[in-house]
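>>> Sharing a sequence plus its predicted fold:
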Amino acid sequence: MRRGPEQISEATGVAARTVTRILRRHHMPPLAACDPLTGQVIRAVRKSAARYEYGRPGGLVHVDVKKLGKIPDGGGWRAHGRSEDVRGRGIGYDYVHAAVDDHSRLAYAEILADEKGATCAAFLTRAAAFFAGQGIARIERVMTDNARSYRTSGAFRDACQTLGAKQKFTRPHCPWTNGKVERFNRTLQAEWAYHQVFASNTERADALAPWLHFYNTGRRHTALGGQPPISRL
């Protein structure tokens, strides 16, 4: 089970700094460098350039889409092994759209059928309504990668204009410049999508909303001093 220092601290009562020292002493790699399923190291740890954080909620919202293979009824290969008859080939993908507030890390996510411009635009509108319900009255900037559904879509551009938000884009081939939502996507995979073996795609989809509520209101975040995102609003 993947847990960072803050989560281990909460479960054991050992101070998070002590947990960090123990993990380093045993040469444990950061979670960001590990495969969410196997725990094996799959990427080098990128030294972050200058970290930044907007000083108020709504100053910048990061938006992205994560593509996940659908789970066949009865469970996929994680339930039955990698035999050909349960791999679920051809049943398609879910597109998990996510929006993360830069200052608070408050997150909103939906499972949608595609990542077309109109779909992304409608998601952004609903995400803004969610943030407004949590006290973030206005989104000033929206940062995305350079996918066509964001960069050239008139629907997405119109959605930003309706919100009064300026569009910002990551530098080409530099996805880490949208790092907060990229990090959220890794957490989402590790703690929701691949956290347990699901018997169907519907079962996994039904687990998203409860997990997202926990992420925003109960999960401790190292970058927030061990507090959940809701504490910053």
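In hand now; what should we look at? Numbers count the residues shown, from 1 in each chain.
>>> okay, CA-based contacts and neighbour counts for the rest of this
Noted.
>>> Which residue ranges of this protein form helices?
5-12, 16-25, 77-80, 117-133, 148-151, 154-163, 179-188, 201-206, 208-217 (DSSP state H).
>>> okay, those helices in TSV with mean pLDDT and distance to R105 next?
Formatted as TSV, the helices of the chain follow (pLDDT from 0 to 100; distance: least, Cα to Cα, whole Å):
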stretch	mean pLDDT	distance to R105
helix 5-12	72	16
helix 16-25	74	20
helix 77-80	52	30
helix 117-133	99	11
helix 148-151	97	21
helix 154-163	98	20
helix 179-188	94	8
helix 201-206	97	22
helix 208-217	98	8
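>>> so which of those helices gets nearest H103?
helix 179-188 (9.9 Å; Cα to Cα).
>>> Tell me the buried residues in that closest one?
Residues 179-182, 184-188 are the ones in helix 179-188 that count as buried (16 or more other Cα atoms under 10 Å).
>>> Around P172, how many other residues sit close by?
Neighbour count for P172, taken as other Cα atoms under 10 Å: 9.
>>> quick one on the thing from earlier: is it possible to export the helices of the chain to TSV including distance to Q227?
What follows is the helices of the chain, written out as TSV (distance: least, Cα to Cα, whole Å):
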stretch	distance to Q227
helix 5-12	9
helix 16-25	12
helix 77-80	33
helix 117-133	18
helix 148-151	32
helix 154-163	29
helix 179-188	16
helix 201-206	26
helix 208-217	9
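>>> So for G69, which of those helices sits nearest?
Evaluated over those, closeness to G69 peaks at helix 201-206, with 9.2 Å, by Cα to Cα.
>>> Now do the contacts for the closest residue to R232 other than its chain neighbours.
Counting by Cα to Cα, 6 or more residues apart in numbering, R232 lies nearest to S104, which is 5.3 Å off, once chain neighbours are set aside. Counting by Cα atoms under 8 Å, 6 or more residues apart in numbering, S104 makes contact with 57, 229-233.
>>> So which of those belong to strands?
Of these, none are assigned to strands by DSSP state E.
>>> so, if you compare those residues, which one comes nearest to T152?
Nearest to T152 among the contacts of S104, with distances taken as Cα to Cα, is P57, at 26.9 Å.
>>> what residues are up against that closest one?
P57 neighbours (Cα under 8 Å, 6+ apart): 101-104, 136, 233.
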